[in-house]
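>>> Have a look at this prediction, sequence included:
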Amino acid sequence: MALPRSQGLLAAALCGFAQLASAQAQAPAWPTKTLTIVVPFPAGGTTDVLARAVSTKLATALGKPVIVDNKPGAGATLGALLVAKAPADGHTLLMGAVHHTVAPSVYKNLQYSFEKDFAPISTVALVPNVLVVSAKAPYGSVKDLIATGKAAPEKLSYGSNGNGTAQHMIGTQFQMETGAKVLHVAYKGSAPLTTDLLGGQIDMSFDTITPVLPFIKDGKLKALAVTTAKRSSALPNVPTLQEMGVPHIAIGTWFGLLAPAATPKGVVAQLNAEVVRIVHSPEFKKQMLDIGAEPIGNRPEEMAAQIKEETEKFAHLVKVGKVTLD
């Protein structure tokens, strides 16, 4: 016996609800275990500091432990590869950075694609880079460095967090714009880099503000210029490179969370919501401003567009600057 139309629609709706409820019941809960945020640099650098700041609050929000696992090496590509190949279940994340948009142009045998093998979650913060020298160094201005770099090619040396990192690219562009010659020395992270800078083993660096800010405040390092288009709120009296007569350099270092590409969209959406809430909280904002970082907290599609744009930008810079893995 056929049911009346209204009853038939009701029965169909109830059946649909039952199927949805069944599917939800069968879907695995998330998170089910400890989350890991892989940091592709040693402990102590900006990437590590930001990852630990997020992990503490994310653990509270999700009700599961969130640990930070430092996997440095190869200009941040080793840690990225580890996450790209990890199970796409939302429990292994990468604290990625601008360095990963440089890597495709300088590492020809990468075993992953930063654009295709990752699901962006949210950009956490933007941190300006700053040109610093030891307080004991004879250089008091950007002009002094340029003059020395021109008069005695490769007498000067600058350290970076590794080949293919933002610091490497800033040093490359600095030489292109000024004509100064500066020897590039690659490190595995900010901690060993800063140690050698303080000890006089290298002359300068273009590191992010976070790891060098305490030494600037203590008078052990001199900040000569920031590399972003505008001055940093953490160092308002320090001019930009553009203000010091070095045109076209406007590079800062962004940091953000990503998951393996096949991570369920619902998990990515939940992670985005939690991370954005954390980043926009007054407590986190103050924490970031205290270390010279500018909190961001954007949508996955906005982060994806940023990655695409910067990958193209650095590909051009690598080509024009003839960057090699020295």
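Alright, I've got the coordinates. Residues are numbered from 1 along each chain as shown.
>>> Can you tell me the centre-most residue of this structure?
Nearest to the geometric centre of the chain sits Ala97, at 2.1 Å (CA atoms, centre = their mean).
>>> Next, count neighbours for the residue lying closest to that one once chain neighbours are set aside.
Nearest residue to Ala97 in three dimensions, chain neighbours excluded: Phe255, at 4.8 Å (CB to CB, 6 or more residues apart in numbering). Just so you know, the C-beta spots here come from the backbone N, C-alpha and C atoms, and that holds for glycine as well. Here the number of neighbours of Phe255 (other CB atoms under 10 Å) works out to 25.
>>> Need the per-residue pLDDT for Phe255.
On the pLDDT scale, Phe255 is placed at 97.
>>> Tell me which strands whichever strand or helix holds it pairs with, and in which orientation.
Phe255 belongs to strand 252-260 when assigned by DSSP states H and E. Looking at strand 252-260 with DSSP bridges, its partner strands are strand 92-97 (antiparallel), strand 118-128 (antiparallel).
>>> Mind checking what helix or strand follows the first one in sequence?
Taking DSSP H and E as the definition, the helix or strand that follows strand 92-97 towards the C-terminus is helix 99-106.
>>> Show the contacting residues for Ala88.
Going by CB atoms under 8 Å, 6 or more residues apart in numbering, Ala88 touches 259-264.
>>> Now render the residues you listed as JSON lines, adding neighbour count and distance to Met244.
Listed next are those as JSON lines, based on neighbours: other CB atoms under 10 Å; distance: CB to CB, whole Å:
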{"residue": "Ala259", "neighbour count": "25", "distance to Met244": "40"}
{"residue": "Pro260", "neighbour count": "21", "distance to Met244": "42"}
{"residue": "Ala261", "neighbour count": "16", "distance to Met244": "42"}
{"residue": "Ala262", "neighbour count": "10", "distance to Met244": "46"}
{"residue": "Thr263", "neighbour count": "23", "distance to Met244": "44"}
{"residue": "Pro264", "neighbour count": "16", "distance to Met244": "48"}
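>>> Redo these as JSON lines? Include pLDDT and distance to Tyr139.
What follows is these, written out as JSON lines (pLDDT from 0 to 100; distance: CB to CB, whole Å):
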{"residue": "Ala259", "pLDDT": "98", "distance to Tyr139": "43"}
{"residue": "Pro260", "pLDDT": "98", "distance to Tyr139": "45"}
{"residue": "Ala261", "pLDDT": "98", "distance to Tyr139": "45"}
{"residue": "Ala262", "pLDDT": "97", "distance to Tyr139": "50"}
{"residue": "Thr263", "pLDDT": "98", "distance to Tyr139": "47"}
{"residue": "Pro264", "pLDDT": "97", "distance to Tyr139": "52"}
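>>> Looking at those residues, which is nearest Thr311?
The closest of the contacts of Ala88 to Thr311 turns out to be Ala261 (CB to CB; 15.6 Å).
>>> measure that closest one to Ala304 for me?
To Ala304, Ala261 is 11 Å away according to CB to CB, to the nearest Å.
>>> go on, Val185?
Computed as CB to CB, the Val185 to Ala304 distance reads 33 Å.
>>> ok, now Asn237?
36 Å.
>>> repeat for Lys313
Using CB to CB, Lys313 is found at 15 Å from Ala304.
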